[in-house]
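S.K.: Here is my input, please return the structure:
(one chain, ligands or ions: 1)
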Amino acid sequence: MNDAPTLIDVALLDPHPANPRIVEREDVIAAIAQQLQETGFDASHAILVRPVGGRHQIVSGHNRTTAARRVGLAQVPAWVREMDDDTAFMQLVLANAQGELSPLERGLHALAATERHGDIKGYAEAIGRPRPSVQTEVQAARVAKSCTCNFSELLDRTRHLSDIHAAPRHCWPALVARMVEGHWTVEETKAMVNVVSTAKPPRGYETLFPVDRLQELVARGEDANELIKYSIRTIDRARADMRDAQFDSDEYIARFDQWLAEHGPWDTKAMAAYAHDLIEEQRAARRAAEAKVAKLKRAVMLTEWQSMSGAERQALLAVRNAKAKLTRQDKESSIEWARWSWNPVTGCRHNCAYCYARDIAERFYPQKFEPSLVPDALAAPLNAAPPKEAVTDVGWKNIFTCSMADLFGNWVPSEWIEAVLAVVREAREWNFLMLTKFPQRLAEFEFPENVWLGATVDTQARVATTERAMANAKAAVKWVSVEPMLDPIAMDFSIFQWAVVGGASSSSQTPEWKPPRKWVVDLTARAMEAGCAVYHKTNLNLERLRDYPGFTTLEPSEPPVEFHHPAR
Ligand code: SF4
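M.R.: This next block holds a predicted model:
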């Protein structure tokens, strides 16, 4: 070390960039300035500098240099020392012999040192101070640096700051701001840190109220309990109102939940406003759908159905018209095996030349023969019970279901079929006779026991497909309708419990037709051999059999005794 300090131009002096001093002490600088004016700059108070790039960087003596500049000194005495960055940095504290640094300033220095080397213990030993004190000051400095407030307001609050250090980091700025503004005591600070650190969302609402946001809220001094209470009440009420509206409730609740996920539950006013708008929208949509449904209850065609929303469709499928009635067949009707018909679905695209249903529909239905759902008809079987005649004649218990359609045509939406089956399941006292020319689809559905599931075989060409499909279909009664019988039919009747055979009445495109007796007789024999009950319709040229599954004609096993012949 040189024996005497060197005089350095004040203009060539720079402060150390890592000088931990937060604020210049005006009282200290004023006192030094007065002394300099009275006695000049005593060499015993020389500042400590290091040469950096042709200038000098102050290591110790920032206040003295400021005072010298203030009184107009051109030069100050300085100890000039070569030192590396680490040494100069440590000297900022070690050479601070007058103890001019506040605890927070010391903490900032210690924090910078430990951030470089990560060792509080080594740092404490290097500056000769107890490790716990250094630790406290580092914590305080860490908290202070996380804030945007004026450091000068924090100088004498090292204890407060180190206590705040125990709270979650994201809460520090709010706690520091409130601590300064509220002039909290150390005890008050500790108590608030405890409140923040132990804040928890209510059980079951952890996702909705993330704990870090909640703690931040408490740190800002807001009444979290009140907010949570109001928030949950608003959410529950909004969801309940959306459920009560009974229109696309799941979708509206999902939209509300999406808003919650994006915005959180914190701004209860905005949340309540959004919920209110959403419910209004839902109610308006419901009113519009109801108006539409009211118009379509008598028949909704496939094209209209396809353009409808899920909720509108649900509303139509749920129609239960208390005035809906089954149709009683005419006395002369050839369908005496089912005295009732029910047509919640109408229309067909098979385009059979002999179709009597198309002739009727074209004449009487506003939707003509276009595939349609008739919501108003859905409840008909629920509005009546079988008449007393059903006890002795099962035909009175039988409902020919969709006699004006092929319910299982591949154009029919599954929802229509399921809606029909839902009513069938409810109306257990009736038998529902179903008939299709597209039996391939039957395996898709489950049929309750009161369904007699049938397929039409009018020509031999249909036999193979029908046998395969009906073998796969599951129903308590399976039947085959050979009507109109246009070919001699050979098939496996063991799949079925019932075979109905008939000719054809005249239609707009076809004449009346009665199949040859031999065809009918052969079919009857094969079906009976296979254990299948046979029902002959009225439009045949022979003595009719009118058996049902489980109800076959009682025939004598041998001729009466009057026919006895000794040779037998
Ligand atoms: S399947 Fe029946 S309803 Fe359809 S066109 Fe043929 S006869 Fe008519």
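S.K.: ok, and the closest non-adjacent residue to residue 111?
M.R.: Taking CB to CB, 6 or more residues apart in numbering, and ignoring the residues beside it in sequence, residue 111 has residue 141 as its nearest neighbour in space, at 4.2 Å. No exception for glycine: its C-beta is placed from N, CA and C like everyone else's.
S.K.: list the buried ones in the longest helix seen in the chain?
M.R.: If you go by DSSP state H, the chain has its longest helix at helix 268-296. Of the residues in helix 268-296, those buried by neighbour count under the rule 16 or more other CB atoms under 10 Å are 268, 271-272, 274-275, 278-279, 282, 285-286, 289, 292-293, 296.
S.K.: hang on, the earlier thing: who's in contact with the residue nearest to residue 111?
M.R.: Applying CB atoms under 8 Å, 6 or more residues apart in numbering, one finds that residue 141 lies in contact with 104, 107-108, 110-111, 161.
S.K.: Just flag the most distant two among the residues you listed.
M.R.: 110 and 161 (13.3 Å; CB to CB).
S.K.: mind checking how far the residue lying closest to residue 375 once chain neighbours are set aside is from residue 380?
M.R.: For residue 375, ignoring the flanking residues on the chain, the nearest one in space by CB to CB, 6+ apart is residue 319 at 3.8 Å. Distance of residue 319 to residue 380, computed by CB to CB, to the nearest Å: 11 Å.
S.K.: related to what we said a few turns ago, for the helix or strand encompassing the residue nearest to residue 111, list every residue counted as buried.
M.R.: Using DSSP states H and E, residue 141 sits in helix 131-145. Within helix 131-145, the residues scored as buried using 16+ other CB under 10 Å are 134-144.
S.K.: can I get these in JSON lines with pLDDT?
M.R.: What follows is the buried residues of helix 131-145, written out as JSON lines (pLDDT from 0 to 100):
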{"residue": "134", "pLDDT": "93"}
{"residue": "135", "pLDDT": "93"}
{"residue": "136", "pLDDT": "94"}
{"residue": "137", "pLDDT": "94"}
{"residue": "138", "pLDDT": "94"}
{"residue": "139", "pLDDT": "95"}
{"residue": "140", "pLDDT": "95"}
{"residue": "141", "pLDDT": "94"}
{"residue": "142", "pLDDT": "94"}
{"residue": "143", "pLDDT": "95"}
{"residue": "144", "pLDDT": "94"}
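S.K.: For the closest residue in space to residue 321 that isn't next to it in sequence, list the residues it contacts.
M.R.: Excluding the flanking residues, the one nearest residue 321 by CB to CB, 6+ apart is residue 376, at 4.6 Å. In this structure, residue 376 makes contact with 297-298, 319, 321, 324, judged by CB under 8 Å, 6+ apart.
S.K.: cool, residue 70 as well?
M.R.: Contact partners of residue 70, counting by CB under 8 Å, 6+ apart, are 29, 33.
S.K.: any idea how far it is from the ligand?
M.R.: 109 Å (CB to the nearest ligand atom, to the nearest Å).
S.K.: How many residues are close by residue 470?
M.R.: Residue 470 is surrounded by 24 other residues when neighbours are defined as other CB atoms under 10 Å.
S.K.: Now it: phi and psi?
M.R.: Here is the backbone geometry of residue 470 (degrees, to the nearest 10): phi -70, psi -30.
S.K.: shaky segments in the stretch 51-200 of the chain?
M.R.: Scanning the stretch 51-200 of the chain for pLDDT under 70 picks out the ranges 97-100.
S.K.: Tell me the residues of the protein that contact the ligand?
M.R.: Where the chain comes near the ligand, counting by CB under 6 Å from any ligand atom, the residues are 348, 350-352, 355, 357-358, 406, 437.
S.K.: domains of this protein?
M.R.: Listed domain ranges for the chain are 6-155, 223-291, 320-536 (source: automatic domain parsing).
S.K.: rewinding a little: next, the residue nearest to residue 375: secondary structure please.
M.R.: For residue 319, the assignment made with DSSP: H, G, I helix; E, B strand; the rest coil gives coil.
S.K.: quick one, what contacts it?
M.R.: In this structure, residue 319 makes contact with 293, 297, 375-376, 378-379, judged by CB under 8 Å, 6+ apart.
S.K.: Please produce CSV containing those residues, extended by pLDDT.
M.R.: Formatted as CSV, the contacts of residue 319 follow (pLDDT from 0 to 100):
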residue, pLDDT
293, 78
297, 77
375, 94
376, 94
378, 97
379, 97
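S.K.: so which of the residues you listed would you say is closest to the ligand?
M.R.: Minimum distance to the ligand across the contacts of residue 319 is 19.6 Å, recorded for residue 378 (CB to the nearest ligand atom).
S.K.: burial of that closest one, as a residue count?
M.R.: 25.
S.K.: quick one: it from residue 428, how far?
M.R.: Using CB to CB, which is the criterion applied here, residue 378 is 16 Å from residue 428.
S.K.: show me the contacts for residue 114.
M.R.: Residues in contact with residue 114 (CB under 8 Å, 6+ apart) are 120, 123, 138.
S.K.: what about it, which helix or strand?
M.R.: Remark: residue 114 resides in helix 103-117, with elements defined by DSSP H and E.
S.K.: hey, where'd the strands end up in the stretch 51-200 of the chain?
M.R.: Ranges of strands within the stretch 51-200 of the chain are 55-60, 75-80, based on DSSP state E, counting those that start in this stretch.
S.K.: need those strands in CSV with mean neighbour count and distance to residue 330, can you?
M.R.: Formatted as CSV, the entries for the strands of the stretch 51-200 of the chain read as follows, by neighbours: other CB atoms under 10 Å; distance: least, CB to CB, whole Å:
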stretch, mean neighbour count, distance to residue 330
strand 55-60, 20, 116
strand 75-80, 21, 125
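S.K.: Now the phi/psi pair for the residue nearest the centre of the chain, please.
M.R.: Centrality entry for the chain: nearest residue to the mean C-alpha point is residue 254, 5.4 Å, by CA atoms, centre = their mean. Note on residue 254: its backbone torsions stand at phi -60, psi -40 [degrees, to the nearest 10].
S.K.: if I look at it, how far off is the ligand?
M.R.: Note on residue 254: its distance to the ligand, by CB to the nearest ligand atom, is 41 Å.
S.K.: any idea how far that residue lies from residue 278?
M.R.: Distance check for residue 254 against residue 278: by CB to CB, it reads 11 Å.
S.K.: hmm, back to that, from the chain's centre, how far out does the helix holding residue 141 sit?
M.R.: The gap between where helix 131-145 is centred and where its chain is centred comes out at 47 Å by CA atoms, centre = their mean, to the nearest Å.
S.K.: Stretch 289-308 too?
M.R.: On CA atoms, centre = their mean, the centre of stretch 289-308 falls 28 Å from the chain's centre.
S.K.: now do stretch 469-476
M.R.: Once both centres are worked out by CA atoms, centre = their mean, stretch 469-476 turns out to sit 38 Å from its chain's centre.
S.K.: ok, back up a step: considering the contacts of residue 376, which is situated nearest to the ligand?
M.R.: Nearest to the ligand among these, counting by CB to the nearest ligand atom, is residue 298 at 20.2 Å.
S.K.: wait, is that closest one part of a helix?
M.R.: No: applying three-state DSSP, one finds residue 298 to be coil, outside a helix.
S.K.: Helices along the stretch 251-400 of the chain, start to end?
M.R.: All helices of the stretch 251-400 of the chain, identified by DSSP state H, counting those that start in this stretch, fall at 268-296, 302-306, 310-317, 356-364.
S.K.: would you turn those helices into TSV with distance to residue 465?
M.R.: As requested, the helices of the stretch 251-400 of the chain are exported to TSV (distance: least, CB to CB, whole Å):
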stretch	distance to residue 465
helix 268-296	35
helix 302-306	24
helix 310-317	30
helix 356-364	22
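S.K.: Which of the ones you listed sits closest to residue 550?
M.R.: That would be, of those and by CB to CB, helix 356-364, which comes in at 28.6 Å.
S.K.: now what about that closest one, what contacts it?
M.R.: Under the criterion CB under 8 Å, 6+ apart, residues 346-348, 367-369, 403-405, 505, 507-508 lie in contact with helix 356-364.
S.K.: To what extent is the closest residue to the ligand within the stretch 51-200 of the chain buried, counted in neighbours?
M.R.: With distances taken as CB to the nearest ligand atom, the stretch 51-200 of the chain approaches the ligand most closely at residue 200, which sits 66.8 Å away. Other residues near residue 200 number 11, with proximity taken as other CB under 10 Å.
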